[in-house]
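A.B. asks: output the structure for:
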Amino acid sequence: MLPTRFQLDQAQVEAALALGGIRPGPRSMLPPPQPGPHLLRDAQVLGPDGRLTAEAEATLRTAADPVQMLSIMSSRTGGRWAEAVFLRGRNGGPLVAQARQDRKFDLALVPTLTEAVVLIDELLALSDLAARSGDRTLTLNLAGYAALLAAADLLQVTQLESRLARAMTPMPALPPEALQTQLQKGMTNIDTRWAVTAGGMVAPVGLQAASGRMAEGLAALAAAGLADREASGYVFSLPGYLLATSLGELVTTAGLKQMAGSGTEAASVGQVTLFRSVVSIWAFTWDSAGGTEASLSLAELSAGGALFLVRKLLEPVELPAAAPVAGPAAGKRCRCGAEVGADHAFCPKCGARVEEPPPAPPPKPAVCAKCGKPLSEGAIFCPYCGQSVKGPAPAAAPPPPPVAAGPPPNKLPPFERRCPNPSCGRPVPPGKKFCTACGSPVS
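C.D. replies: Numbering: from 1, shown residues only. Down below sits the predicted model:
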């Protein structure tokens with residue numbers, strides 16, 4: 001199954017994102033959506049119903065919210081640099097290859113890892129020529145890497161001068177000053193036929209960090225078996241000469257950077273620099289890219305070994321869960337009321353100096369309420385006087401006094417006066433001068 005390819009300009013990408021309701025995340029290289037359905041009529045992304053095809057929607061959703069990417073920056077010797085990115089989506093599924101030139105986007109839905117490896121092989125020409133496989137892995141630091149590239153350029157200069165003079169090429173000496181000169185020339189040039197320029201463009205650390213460290217770099221080359229120390233200084237060993245010659249006959253140079261993570265949090269998982277020459281493929285795997293302390297291992301690979309390495313970089317990566325970030329310690333506050341971190345000496349809100357809170361006093365030891373002697377933890381009785389630690393049980397509270405029953409609801413309280421008529425005798429409301437039943441006067 002071949003990759004499904006979409007070639008869109010920026011306005012068409014914006015319109016397709018708007019049609020699919022897709023909003024690019026913080027790690028996406030796609031532009032924000034902008035409505036414009038009329039721009040998609042000839043873009044090969046719409047189905048008969050006027051909606052995005054399943055392939056186009058899957059491609060855009062992966063490119064809009066990738067959780068893993070392999071970025072590849074490469075150059076054919078003497079040519080322009082090209083960059084491509086292979087993306088893996090949040091829910092798995094096929095990879096998406098993405099490249100961009102000017103305002104044009106080239107997107108491809110790649111169904112299998114094998115198809116992705118084939119596309120990268122076409123980009124880097126790894127299997128175009130035969131390549132031998134080495135029998136060991138070497139280790140260098142950043143200074144050694146820079147010295148190796150500078151030595152390769154120095155060898156190429158010597159070979160060119162000898163050809164122009166129609167003379168045999170002598171084995172050049174490797175003084176630190178000559179390597180520093182080649183390093184400076186390569187860092188200020190854009191011609192990728194030279195090792196310093198090509199290798200500096202694809203290294204995760206700038207070669208400026210190795211400037212002035214060529215003596216250290218030569219010592220690292222000697223420790224790796226790529227240079228020999230003689231009385232007059234350093235010279236190439238046979239393995240070093242073969243490697244430097246290979247770096248002077250580059251076909252392609254590439255930097256591969258593998259990243260994984262979601263949202264704005266992305267971790268660099270692996271970084272590899274590949275040099276494809278006429279006769280060999282060298283892989284420089286960066287074990288640490290920590291500025292001047294960067295280190296790397298290098299190995300000579302066959303074409304199959306290089307493609308296997310590429311495949312490993314494309315496979316899914318599981319990152320360890322991030323440790324929870326501890327918040328500021330409680331109990332430390334500024335007089336303005338703001339909470340201050342445990343390791344902070346000044347208030348982030350008002351700038352006042354915040355003194356450390358005094359340590360909490362140790363708890364007072366329990367003592368017997370009767371004799372005053374100390375009690376051990378968990379004691380029920382005092383060991384000195386026998387008093388119960390909990391004390392006598394409190395007397396039960398007396399029951400509440402009975403509440404007098406009030407008048408029955410909806411009935412008037414009893415009257416104090418009654419009608420004086422013996423045949424009536426009914427109660428007379430207060431303030432009435434006559435009986436309301438019989439009309440007899442009431443005194």
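A.B. asks: now the strands for the stretch 201-350 of the chain?
C.D. replies: 227-230, 233-236, 250-260, 267-277, 281-288, 295-301 (DSSP state E, counting those that start in this stretch).
A.B. asks: pLDDT (mean, whole number) over the longest helix that the chain contains?
C.D. replies: The longest helix of the chain (DSSP state H) is helix 142-164. Helix 142-164 shows a mean pLDDT of 95 in the predicted model.
A.B. asks: how about stretch 270-286?
C.D. replies: Rounded mean pLDDT across stretch 270-286 is 92.
A.B. asks: list the buried residues of it.
C.D. replies: Neighbour-count burial for stretch 270-286 flags 270-277, 280-286 (criterion: 16 or more other CB atoms under 10 Å). Bear in mind the C-beta positions are built from the backbone N, C-alpha and C, glycine included.
A.B. asks: which one of the strands of the stretch 201-350 of the chain lies nearest to Thr158?
C.D. replies: Closest approach to Thr158 among the strands of the stretch 201-350 of the chain is made by strand 233-236 (10.9 Å; CB to CB).
A.B. asks: pLDDT weak spots in the stretch 251-400 of the chain?
C.D. replies: Along the stretch 251-400 of the chain, segments meeting pLDDT under 70 span 262-267, 288-291, 319-332, 337, 342-346, 348-352, 356-364, 378, 389-400.
A.B. asks: state the distance from the residue nearest to Arg90 when sequence neighbours are not counted to Gly25.
C.D. replies: For Arg90, ignoring the flanking residues on the chain, the nearest one in space by CB to CB, 6 or more residues apart in numbering is Val67 at 5.1 Å. When distance is defined by CB to CB, to the nearest Å, Val67 is 10 Å away from Gly25.
A.B. asks: so for the two, which residue has more residues nearby?
C.D. replies: In terms of neighbours (other CB atoms under 10 Å), Val67 is the more surrounded of Val67 and Gly25; the figures are 22 against 16.
A.B. asks: my read: that one touches Gly89, true?
C.D. replies: Yes. In terms of CB atoms under 8 Å, Val67 counts as a neighbour of Gly89; the distance is 6.9 Å.
A.B. asks: contact partners for Asn421?
C.D. replies: Cys435, Cys438, Ser440 (CB atoms under 8 Å, 6 or more residues apart in numbering).
A.B. asks: go on, Thr139?
C.D. replies: So Thr139 contacts Ala224, Ser295, Leu296, Ser297, Leu298 (CB under 8 Å, 6+ apart).
A.B. asks: give the buried subset of the contacts of Asn421 as a PyMOL selection command.
C.D. replies: Here is the PyMOL command that picks out the buried ones among those, judged by 16+ other CB under 10 Å:
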select buried, resi 435+440
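A.B. asks: mind putting the contacts of Asn421 into CSV with pLDDT?
C.D. replies: CSV is the format used below for these (pLDDT from 0 to 100):
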residue, pLDDT
Cys435, 75
Cys438, 74
Ser440, 75
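A.B. asks: quick check: the gap between the closest residue to Ser376 other than its chain neighbours and Gly233.
C.D. replies: With sequence-adjacent residues excluded and distances taken as CB to CB, 6+ apart, Ser376 is closest to Pro383, at 7.6 Å. Relative to Gly233, Pro383 is positioned 87 Å away (CB to CB).
A.B. asks: more neighbours, these two?
C.D. replies: Gly233 (14 against 11).
A.B. asks: wait, doesn't that one sit right on Glu177?
C.D. replies: No. Counting by CB under 8 Å, Gly233 sits too far from Glu177 to count as a contact (10.4 Å).
A.B. asks: which ones are touching the nearest residue to Pro175 once chain neighbours are set aside?
C.D. replies: Spatial nearest neighbour of Pro175, chain neighbours left out: Gly233 (5.7 Å); criterion: CB to CB, 6+ apart. Residues near Gly233 by CB under 8 Å, 6+ apart: Ala173, Leu174, Pro175.
A.B. asks: any idea how far Gly233 is from Arg213?
C.D. replies: For Gly233, the distance to Arg213 - CB to CB - is 16 Å.
A.B. asks: burial count for Gly50?
C.D. replies: 10.
A.B. asks: my read is it is in a strand, agree?
C.D. replies: No. Read with DSSP: H, G, I helix; E, B strand; the rest coil, Gly50 is coil and lies in no strand.
A.B. asks: grab the nearest non-local neighbour of it.
C.D. replies: Pro37 (7.7 Å).
A.B. asks: over to Ser127?
C.D. replies: Nearest one to Ser127, counting by CB to CB, 6+ apart, is Ala303 at 4.3 Å.
A.B. asks: so that neighbour touches Leu126, yeah?
C.D. replies: Yes. Ala303 is within contact range of Leu126, at 5.3 Å (criterion: CB under 8 Å).
A.B. asks: what about those two, which has more around it?
C.D. replies: Leu126 (26 against 19).
A.B. asks: now the more buried one, what are its backbone angles?
C.D. replies: phi -70, psi -40 (degrees, to the nearest 10).
A.B. asks: same question for Ala167.
C.D. replies: Per degrees, to the nearest 10, the backbone of Ala167 is at phi -130, psi 170.
A.B. asks: ditto for Arg80
C.D. replies: Phi and psi for Arg80, reported as degrees, to the nearest 10, are phi -80, psi 160.
A.B. asks: got a list of what it touches?
C.D. replies: Here Arg80 is in contact with no residue (CB under 8 Å, 6+ apart).
A.B. asks: go on, Val96?
C.D. replies: Thr59, Thr62, Ala63, Pro66, Phe86, Leu87, Arg88, Gly89, Leu107, Ala108, Leu109, Val110.
A.B. asks: and what of Val317?
C.D. replies: Gln68, Gln258, Ala260, Val269.
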